[in-house]
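*Asks:* have a look at this prediction, sequence included:
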Amino acid sequence: MRSNPTMRKIPLYKEKEKQLYIRFFEIVLLIVIACGIYTRFNPFEIFLNAEYFWSFIFEDFLPPSMPDFLSTMNSIAITLAMAISATTVGGIMALFVSLFGSEYISPYKGIAKIVRGFATFLRNIPTLVWAFILFSSLGIGTGVGFIALMITSFAFLVRAFIETMDEISSDCVESLEAVGASFWQRVIHGIWPSCIHGYLSWFLYSLEVNIRASTIVGMVGGGGIGMVLLSYIKSFKYHKAAGIILAIAIIVIVVELLTNSLRKKMVE
């Protein structure tokens, strides 16, 4: 079958775009190589020492051995309670503070950038760093772990809520303002009803992150399942540590499935 001479192939990418992508890939590759040389990291060491890794996994780590069921469930409950309470308190605080961080909504336009900058500063300090700072000054315990998670949740949700409010249509708010509605009347009748789905979606995402982070915070002194895991690792009880890791993975997967299901229902 003869091809039609008038037909021509339409390229998926323009030649300039193709060259740009190639150059970008080359630059990234050079940066990776330069970082590897600077840090003296040899990726081939992973393959050279693979037999020791697999020996540890199959001889010392597997099969997982679940420790005392009741104590494990109690530690998991503490971890979940710490994550849920920290996310909830941080979310409620962020809900109100974000109103003053949006230049579109805030009645005090001058402090909007200050609120954004403060939230950005808090958010850019990792939860683990906050945990070390608080544990060093206040001692270990679930209360300090709660504060560390709450700070990062608050900072993250302030920025997320601000972006959510900035994306809504201005017609409703301007209409309420035109008829003389006060700031809180505009918020209650215009902002929050329009942003409720976005608020809940970001809140559920933050909850997922905090359930993972609460395990790490627990390992450095925050209590819960993280501290139990660390104790088994330090005492070289790797089979029981594997059981704890398996339990944590199951909890995280279940929570992720539940939050994803809730987000889909909100969209529908």
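*Replies:* Nice, thanks for sending it over.

*Asks:* so what touches stretch 142-151?
*Replies:* 78, 82-83, 85-87, 89-90, 122, 127, 130-131, 134-135, 138, 210, 213-214, 217-218, 221-224 (C-beta atoms under 8 Å, 6 or more residues apart in numbering). Every residue, glycine included, has its C-beta placed from N, CA and C.

*Asks:* narrow those residues to those in helices?
*Replies:* 78, 82-83, 85-87, 89-90, 122, 127, 130-131, 134-135, 138, 210, 213-214, 217 (DSSP state H).

*Asks:* need the buried ones from the residues you listed selected in ChimeraX.
*Replies:* For the buried members of the ones in helices among the contacts of stretch 142-151, the matching ChimeraX selection, counting by 16 or more other C-beta atoms under 10 Å, is:
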select :78,82,83,86,87,89,90,122,127,130,131,134,135,210,213,214,217
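
*Asks:* nearest spatial neighbour of Phe41, skipping sequence neighbours?
*Replies:* Distance criterion C-beta to C-beta, 6 or more residues apart in numbering; nearest residue to Phe41, sequence neighbours excluded, is Cys35 at 7.6 Å.

*Asks:* any idea how far that neighbour lies from Val28?
*Replies:* Separation of Cys35 from Val28 (C-beta to C-beta, to the nearest Å) stands at 11 Å.

*Asks:* also Gly218?
*Replies:* Applying C-beta to C-beta to Gly218 and Val28 gives a distance of 36 Å.

*Asks:* more neighbours: these two, which one.
*Replies:* Gly218 (25 against 10; other C-beta atoms under 10 Å).

*Asks:* the more buried one contacts Ile211, correct?
*Replies:* No. Taking contacts as C-beta atoms under 8 Å, Gly218 lies outside contact range of Ile211: 11.2 Å.

*Asks:* around Val209, how many other residues sit close by?
*Replies:* Count around Val209 with other C-beta under 10 Å applied: 16.

*Asks:* can you give me the pLDDT of the residue sitting nearest the centre point of the chain?
*Replies:* Centroid-nearest residue in the chain, with C-alpha atoms, centre = their mean: Val209, separated by 4.0 Å. Looking at Val209, its pLDDT is 87.

*Asks:* Leu29 now?
*Replies:* pLDDT, read off for Leu29, is 90.

*Asks:* just the element for it, please.
*Replies:* helix 15-39 (DSSP states H and E).

*Asks:* distance from the chain centre to that helix, please.
*Replies:* Relative to its chain's centre, helix 15-39 lies at 28 Å (C-alpha atoms, centre = their mean, to the nearest Å).

*Asks:* do the same with stretch 141-161
*Replies:* 11 Å.

*Asks:* again, but for stretch 60-75
*Replies:* 26 Å.

*Asks:* ok, now stretch 51-67?
*Replies:* 29 Å.
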